[in-house]
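K.L.:
Sequence and predicted model, in that order:
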Amino acid sequence: MGTLWRLLIDSVPAEGAWNMAVDRAIQVAREDGAAPPTLRLYEWARPTVTLGRFQDAGSVDTDYCSANGIDLLRRETGGRGVLHDDEVTYSVIAGLADGVPRGTSASYRMLCGGLAAAYGLLGVDAALTSRPRGSHDSAACYLHATQADLSLGVRKLSGSAQVWLGSTVLQHGSFTISRDIVREASVFRLAAEQRERLFRDTITLDAALGIAPTRACICEAIAGGFSQNLGLDLVAGELSQVEIEIAARLHSELLERAARVGEVPGSR
């Protein structure tokens, strides 16, 4: 029998601010001993840009986002900007007591093993990026690959971001089904050459497989990959009342902070 973790699969796409608040609320509750280690899978109600914790909001074309119904908010994790659209997003919230090694590099290696296994179940031979590559002059996450990212050959499949709270880590990232290159280039003000690199140096699930997998298939593969690779027994569950209350508070704080820095917040 493996280690018991909770599996949360959101049944309805949610606004970006709520998605980020829930991820952080689970982490707060896990650190306080009020929640189990959790794998959460979710979607977005509309296209949303999340900025890294310390990223300059000026790196995004906010006028374009506003005119095209794209939300813009800041997440707790680091890294660069991500346009969430046609994807399934995962988050892992677990701690040292759950077998996650301390430190960013070691924990990335462990958790990304589950991600690689998930891609394998979908029929994609993904592997951790062997060495950093790509652009350092762009706000777009997918123009830069690190050793915490997964690639198919030399093309980036997905990136992940982390934040630690005491002894508990939150790691989340995207299983991108398809990508609107024009929209993403416009959001991040990419020059023509950068737009070409975004097309050339990244790959999505539909391109890798020749057909877009269903969201249900992706969720099944993610759960199976983590279960097999990390030796987990995943048990379907729900958010507790404690987590919902924490998420509601964090959601309000996120919207207030977003308004102060000129970001375009989503709402629940």
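P.N.:
Cool, got the structure.
K.L.:
low-scoring stretches of the stretch 151-268 of the chain, by residue?
P.N.:
258-268 (pLDDT under 70).
K.L.:
all strands in it, in order from the N-terminus.
P.N.:
Using DSSP state E, counting those that start in this stretch, the strands of the stretch 151-268 of the chain run over 155-158, 160-165, 168-176, 232-236.
K.L.:
got those strands as CSV, with mean neighbour count columns?
P.N.:
Every C-beta, even on glycine, is put in place using the N, C-alpha and C of the backbone. CSV is the format used below for those (neighbours: other C-beta atoms under 10 Å):
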stretch, mean neighbour count
strand 155-158, 23
strand 160-165, 20
strand 168-176, 25
strand 232-236, 14
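K.L.:
so which of these comes closest to Val88?
P.N.:
Val88 lies closest to strand 168-176 among the strands of the stretch 151-268 of the chain, at 4.6 Å (C-beta to C-beta).
K.L.:
So what are the sheet partners of that closest one and their directions?
P.N.:
strand 87-95 (antiparallel), strand 160-165 (antiparallel) (DSSP bridges).
K.L.:
between those strands, which one is nearest to Ser186?
P.N.:
With C-beta to C-beta as the yardstick, what comes closest out of those is strand 87-95 (18.1 Å).
K.L.:
now for the strands paired with strand 168-176, which one comes closest to Gly103?
P.N.:
Across the strands paired with strand 168-176, closest to Gly103 is strand 160-165 (C-beta to C-beta), at 9.1 Å.
K.L.:
With just CA atoms, put the closest one into CSV.
P.N.:
Extracted as CSV, the C-alpha positions of strand 160-165 are listed here (Å, rounded to 0.1, in the frame of the first residue of the first chain):
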residue,chain,number,x,y,z
SER,A,160,6.4,24.3,-13.1
ALA,A,161,6.8,26.9,-10.3
GLN,A,162,7.2,26.5,-6.6
VAL,A,163,6.9,28.3,-3.3
TRP,A,164,7.7,26.9,0.2
LEU,A,165,5.8,27.7,3.4
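K.L.:
For the strands paired with strand 168-176, could you give me a markdown table that also reports distance to Cys112?
P.N.:
Conversion of those to a markdown table gives the following (distance: least, C-beta to C-beta, whole Å):
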| stretch | distance to Cys112 |
| --- | --- |
| strand 87-95 | 10 |
| strand 160-165 | 7 |
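K.L.:
Out of the ones you listed, which is closest to Ala106?
P.N.:
strand 160-165 (11.3 Å).
K.L.:
which residues are in contact with that closest one?
P.N.:
27-28, 31, 52-53, 75-79, 104, 107-108, 111-112, 115, 148-149, 169-173 (C-beta atoms under 8 Å, 6 or more residues apart in numbering).
K.L.:
Identify each of the helices in this structure and give its residue range.
P.N.:
In the chain, the helices defined using DSSP state H lie at 16-31, 62-67, 104-122, 181-187, 192-201, 205-209, 215-230, 241-260.
K.L.:
Deepest in the core, which of these is it.
P.N.:
Neighbour counts (mean count of other C-beta atoms under 10 Å) averaged over each of the helices of the chain peak at helix 16-31, with a mean of 25.
K.L.:
tally of neighbours for the closest residue to Ala236 other than its chain neighbours?
P.N.:
For Ala236, the nearest residue in space outside its immediate sequence neighbours is Leu7; the separation is 5.2 Å by C-beta to C-beta, 6 or more residues apart in numbering. Leu7 is flanked by 19 other residues according to other C-beta atoms under 10 Å.
K.L.:
One more: Val12?
P.N.:
For Val12, using other C-beta under 10 Å, the count is 7.
K.L.:
same thing with Leu4?
P.N.:
Other residues close to Leu4 by other C-beta under 10 Å number 12.
K.L.:
contacting residues around it?
P.N.:
36, 232-233, 235.
K.L.:
mind redoing it with 10 Å?
P.N.:
36-37, 98, 232-235 (C-beta atoms under 10 Å, 6 or more residues apart in numbering).
K.L.:
And for Arg249?
P.N.:
Counting by C-beta under 10 Å, 6+ apart, Arg249 makes contact with 21, 25, 28.
K.L.:
For Tyr119, see how far away it is.
P.N.:
35 Å (C-beta to C-beta, to the nearest Å).
K.L.:
next one: Asp56
P.N.:
Relative to Tyr119, and taking C-beta to C-beta, Asp56 is found at 32 Å.
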